[in-house]
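1. sequence unknown, structure follows:
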């Protein structure tokens, strides 16, 4: 099974970069494995469909604001999000809709889509650093996601 | 007892925001407010950076229209470094910007605005999207949208270096030119984009214009404001999406002002309201008179319908014909019907396709002369382009080393902010009566701002959590009486 992990967000809006930061760490940890590719996408929406074609599984890492503790990792599926992933979607081309559109068009869309949404603090202030309270959780977040995505071999160094 | 209403979230809108609708004791709308949070600290973030970095930084502000930020920033650097790019470089930049507007307009029609008409304004929310459009007009349409979008984006990717955040713009020009292979491929894409734009206009005619209910909605008073309009025009006062002068017309269509972007502060000021983070631009020489329309109010509008209103037509023949047909149907120019933004967007889409064909026919676009090297000391620069959502202005000041000391952006949706507030208010008052509030009516309130194709959150990709845009309906005592939540928290 081939997996694509994509960190999404903006690299200049403080905690909105958490998906990109985590993707960078995951890329290091998964280096050398041929069953997974890791990338970033600062646009999301429709381009997620295009990027994910040909993969069996798509794993997205994004930020979320729900009022929970910063650094909390929430595992979401397309079904749970339905058509409500607004900010992942330029022009409302939300993830669930574009994946369904891809299936309708007989495109080779992933069979499985998982979103890891990370509780953040500030996505409205320009800045290239995470807020310290969130940054403190980065390593733990990486471990948690790796443990879930690859429960048998969570690290390239394990192989 | 009075009520308050919350729509929650507003579907298919990029970014975060909130609509509050206040009902009086009889259940009628006393007022409605449209609020959005503002991104903070751009000025401070920019200070101390080399100006040349700005075309690569500013596109990251917006996950929706990074290409136009890149182009606007590149033009700002031209002005800042006092350098005029060679004509081939301008053609290449215009091709990239035009390709982006084409792609963006097409997506808006099929994904965001079109579903309101094609599927129906009171259809279930879950069906008012591209899948609902396909269910109505056929599976092959989805394939065509995907195909033309991919190919037009191919132009941006190839010439811009990267599709999402182009890197080609430099002070004085661009970093690479076209190959003959590029040109042949892009010509085919451009020709096909014209055909698809004509198909989209035909679809609009068949589905919308042949439906009396929809036409009545478009021309009715609920979605109408008589404002000033602003957009870029060429030397013949025709719409131009990349360059020219900013032209402002009055609510009756007379030219009110025409100026270079560098003079924008002489013409545009900003009004502040205590209930909104967003500042409301208005025409300085008319003045701020509140959220009202008419010739005495400085409120102006930008984006497709405003651009067409502010011009004397389109610079390409088929778009001109579509332009004429639109204004004949709407009863003359300027047209004040907010829902006609959708129609104007499709007219512009056809123009963008035709313009891409023209640009690629121009042999100058193949020239190697694509950059004039800057030799002067940088000081201050202002740049302008038309983004899909309206006029975009960048303004930088630097020290003699080219280090940013001040930066300001005037973005399209902010230019439309006052008008959007007015449109939401009028639609809410016209649609919500005697306390009767349902999803269909609230969607029709949403349609009042969706026509503008607003983009408030810019780059914030965060999942909404408690939702990106909240619409609350409140009674006269401030109690929320309706909240239509579609989001399932993680």
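-> Thanks, I have it. These figures come from a predicted structure and were not determined experimentally.
2. Buried ones in stretch B:192-201, by neighbour count?
-> Residues B:192, B:193, B:194, B:196, B:197, B:198, B:200, B:201 are the ones in stretch B:192-201 that count as buried (16 or more other Cβ atoms under 10 Å in any protein chain shown). Backbone N, C-alpha and C define where each C-beta goes, glycine included.
3. try stretch B:404-422
-> Quick answer for stretch B:404-422 (16+ other Cβ under 10 Å): B:404, B:407, B:409-422.
4. Likewise for stretch B:351-367?
-> When burial is assessed from 16+ other Cβ under 10 Å, stretch B:351-367 yields the following buried residues: B:351-360, B:365-367.
5. contacting residues for residue B:118?
-> Taking Cβ atoms under 8 Å, 6 or more residues apart in numbering or on different chains, we find residue B:118 in contact with B:132, B:133, B:136, B:137, B:203, B:207, B:208.
6. please redo it, this time with the cut-off set to 7 Å
-> Residues near residue B:118 by Cβ atoms under 7 Å, 6 or more residues apart in numbering or on different chains: B:133, B:136, B:137, B:207.
7. where are the low-confidence patches of the chain?
-> In the absence of a named chain, chain A is used. Applying pLDDT under 70 to chain A flags residues A:44-45, A:79-93, A:154-159.
8. other chain: chain B
-> Looking at chain B by pLDDT under 70, you get B:1-17, B:37, B:63, B:163, B:456-471, B:483-490.
9. before we move on, the earlier item: need the buried residues of stretch B:192-201 in TSV (columns: secondary structure and distance to chain A).
-> Formatted as TSV, the buried residues of stretch B:192-201 follow (DSSP: H, G, I helix; E, B strand; the rest coil; distance: Cβ to the nearest Cβ, whole Å):
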residue	secondary structure	distance to chain A
B:192	helix	18
B:193	helix	17
B:194	helix	22
B:196	helix	16
B:197	helix	17
B:198	helix	21
B:200	helix	15
B:201	helix	19
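10. Find the residue closest to the most centrally placed residue in chain B in space, skipping its chain neighbours.
-> For chain B, residue B:389 is the residue whose C-alpha lies nearest the centre (Cα atoms, centre = their mean; 0.6 Å). Nearest non-adjacent residue to residue B:389, counting by Cβ to Cβ, 6 or more residues apart in numbering or on different chains: residue B:412, 3.9 Å away.
11. any idea how far that neighbour is from residue B:433?
-> 33 Å (Cβ to Cβ, to the nearest Å).
12. that older thread, of the contacts of residue B:118, which is the most crowded?
-> Using other Cβ atoms under 10 Å in any protein chain shown as the neighbour test, the contacts of residue B:118 are led by residue B:133, with 24 neighbours.
13. mind listing what's buried in the helix or strand that contains residue B:441?
-> In this structure, residue B:441 sits in helix B:439-450 according to DSSP states H and E. By neighbour count with 16+ other Cβ under 10 Å, helix B:439-450 contains the buried residues B:441, B:442, B:443, B:444, B:445, B:446, B:447, B:448, B:449, B:450.
14. just stretch B:200-218 next, same as before
-> Residues of stretch B:200-218 classed as buried: B:200, B:201, B:203, B:204, B:207, B:208, B:209, B:214, B:217, B:218 (neighbour count, 16+ other Cβ under 10 Å).
15. Going along the chain, name the helices of chain A.
-> Along chain A, the segments classed as helices by DSSP state H run A:18-29, A:46-52, A:78-81, A:95-104, A:132-135, A:138-149.
16. so what secondary structure elements neighbour the fifth one?
-> Spelled out, that is helix A:132-135. Helices and strands touching helix A:132-135, by 3 or more Cβ pairs under 7 Å, 6 or more residues apart in numbering or on different chains; DSSP states H and E: there are none.
17. Check what contacts that helix and list those residues.
-> Applying Cβ under 7 Å, 6+ apart, the set of residues contacting helix A:132-135 is A:15, A:18, A:70, A:71, A:120, A:121.
18. and chain B, which of these contact it?
-> Restricting the contacts of helix A:132-135 to those touching chain B (Cβ under 7 Å from any Cβ of the partner chain) yields residue A:120.
19. Generate a ChimeraX selection restricted to the buried subset of the contacts of helix A:132-135.
-> Selection of buried members from those for ChimeraX, criterion 16+ other Cβ under 10 Å:
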select /A:15,18,70,71,120,121
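20. for residue B:326, what are its contacts?
-> B:343, B:344, B:347.
21. Does it belong to a helix, a strand or coil?
-> Of the three states, residue B:326 takes helix under DSSP: H, G, I helix; E, B strand; the rest coil.
22. cool, and the one 3 residues further on?
-> Local secondary structure at residue B:329 is given as helix here, using three-state DSSP.
23. all strands for the stretch 151-300 of chain B, in order.
-> B:169-170, B:173-174, B:228-233, B:245-249, B:255-259, B:268-271, B:280-283, B:300-301 (DSSP state E, counting those that start in this stretch).
24. does the nearest residue to residue B:367 once chain neighbours are set aside belong to a helix or a strand, and which?
-> In this structure, residue B:367 finds its nearest non-sequential neighbour in residue B:88, 3.9 Å apart by Cβ to Cβ, 6+ apart. Assigned by DSSP H and E, residue B:88 falls within helix B:87-107.
25. Moving C-terminal from that helix, which element do we reach first?
-> The helix or strand immediately downstream of helix B:87-107 is helix B:114-118, counting by DSSP H and E.
26. List the contacts of the helix or strand just after that following helix.
-> Next along the chain after helix B:114-118, taking DSSP H and E as the criterion, comes helix B:130-137. Helix B:130-137 has contacts (Cβ under 7 Å, 6+ apart) with A:97, A:100-101, A:104, B:110-111, B:114-115, B:118-119, B:123, B:141-142, B:203.
27. how about a cut-off of 10 Å?
-> Residues from elsewhere that reach helix B:130-137, judged by Cβ atoms under 10 Å, 6 or more residues apart in numbering or on different chains: A:46, A:83, A:91-94, A:96-98, A:100-101, A:104-105, B:12, B:107, B:109-112, B:114-115, B:117-120, B:123-127, B:129, B:140-143, B:145-146, B:203, B:206-207.
28. Show me the domain layout of chain B.
-> With domains defined by automatic domain parsing, chain B comprises B:4-37+B:437-484, B:84-224+B:337-373, B:225-336.
29. Which stretch among the ones you listed is buried most, on average?
-> domain B:4-37+B:437-484 (a mean of 23; mean count of other Cβ atoms under 10 Å in any protein chain shown).
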